[in-house]
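Chemist: output the structure for:
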Amino acid sequence: AAAFAGALALETKEQAMSKEIRLKLDVYSSLDLIALERRCRNRGLFGSGSSSKSLLLRRLRIFEEYWAQRKDDVHTPQTPAPEPVPAPVPLEAGDDLDGVPLEVERSSKSSRRRTISA
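Modeler: This is a model prediction of the structure:
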């Protein structure tokens, strides 16, 4: 029963894909020859200047079927959620940021001036 259910799921998926392609092809078939040539050229399918409407429609159908199948075959990898960034920690005198301790000099006016010793 499980194998049968899997086959039904595949048929439904293929039917949905073919329905989408049929809708696109219906739109394409309603276009005139110049518009079809433009659609083919935009997709890299246009070869010669003397193409019939049926040939252009066949090229577009094959193109749409290929990319619909390709879209289903490509699995996008699941990216893990990014880890939260810790809050920055304020630096105090004597803290070591880049390997050189930060020194605080006090002047007579009790203002603080930070310098880095070499």
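Chemist: list the buried ones in stretch 26-43?
Modeler: Within stretch 26-43, the residues scored as buried using 16 or more other Cβ atoms under 10 Å are Tyr28, Leu31, Leu36, Glu37, Arg39, Cys40. Placement of C-beta: from N, CA and C, glycine included.
Chemist: can you check stretch 62-74 too?
Modeler: So, applying 16+ other Cβ under 10 Å, buried residues of stretch 62-74: Phe63, Glu64, Ala68.
Chemist: those helices in this protein, which residues are they?
Modeler: 2-29, 33-42, 53-73 (DSSP state H).
Chemist: that older thread, tell me the one of the buried residues of stretch 26-43 nearest Pro84?
Modeler: Closest approach to Pro84 among the buried residues of stretch 26-43 (Cβ to Cβ): Arg39, at 47.6 Å.
Chemist: start to end distance for stretch 44-60?
Modeler: End-to-end span of stretch 44-60 (Cα to Cα, to the nearest Å): 10 Å.
Chemist: averaging pLDDT over each of the helices of the chain, which comes out lowest?
Modeler: Among these, helix 2-29 carries the lowest mean pLDDT, a mean of 70.
Chemist: ok, back up a step: possible to save the buried residues of stretch 62-74 as JSON lines with distance to Ala81?
Modeler: Putting these into JSON lines (distance: Cβ to Cβ, whole Å) gives the following:
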{"residue": "Phe63", "distance to Ala81": "37"}
{"residue": "Glu64", "distance to Ala81": "35"}
{"residue": "Ala68", "distance to Ala81": "31"}
